[in-house]
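everything below, folded, please.
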Amino acid sequence: SMTIEEFVEARLAEDEDHAQRAGGHGWELVDRGHSVRIVDTVFGATVARWDQDELPVDLAHLSDHPDIAHIVRHDPARELRQAPVLRAVVELIAGMTSASQQIDAENAVLYPLAAIWDKHPDYRAEWAPRAIR
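Here you go, the predicted structure:
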């Protein structure tokens, strides 16, 4: 059976793999008023595009749409920067020599971190953060 550390590491590796397959680059918005594109900053390729009539909102700029802004903010490059930091946090907790500090760190950080992927089939209910157990 998988430990919580192994679970988090496996999810981080999956996230990195998806980000690499998506190009691994940053994204930017190109807002033309009547349409908006998400563009790969390295190759200039269009990742996604929306036209004014595709979104049921009345915005001065489609780039102000919260869903679109969120997608751009969480581009593959950000995922590739984030995963090693989260991996280092897990390793830091695992390497703690004080048992009480390690337990506190697991409760404060590791269980909430694992809950990011709580819909994954390998996630176990006993890993739920104490606040929602």
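
helix/strand/coil for Val42?
coil (DSSP: H, G, I helix; E, B strand; the rest coil).

can you pull the pLDDT of Leu59?
pLDDT recorded at Leu59 is 68.

low-confidence ranges in this structure?
56-59, 131-133 (pLDDT under 70).

where does Arg37 land in three-state SS?
Arg37 falls in the strand class when you classify it by three-state DSSP.

look at it and say how many residues are nearby.
Counted by other CB atoms under 10 Å, the residues lying close to Arg37 total 19. For every residue, glycine as well, the C-beta is placed using N, CA and C.

residues touching it, list them.
When the contact criterion is CB atoms under 8 Å, 6 or more residues apart in numbering, the partners of Arg37 are Leu29, Val30, Thr46, Val47, Ala48, Arg49.

go again with 10 Å.
Arg37 makes contact with 27-31, 45-50, 62-63, 68, according to CB atoms under 10 Å, 6 or more residues apart in numbering.

same deal with Asp118?
Contact analysis of Asp118 by CB under 10 Å, 6+ apart lists Arg124, Ala125, Trp127, Ala128, Pro129, Ile132.

equivalent analysis for Met2, please.
Met2 makes contact with Val8, Glu9, Ala10, Asp122, Tyr123, Arg124, according to CB under 10 Å, 6+ apart.

the fourth one and Phe7 touch, don't they?
To tie it back to what came earlier, the one meant is Asp122. Yes: applying CB atoms under 10 Å, one finds Asp122 in contact with Phe7, separated by 5.8 Å.
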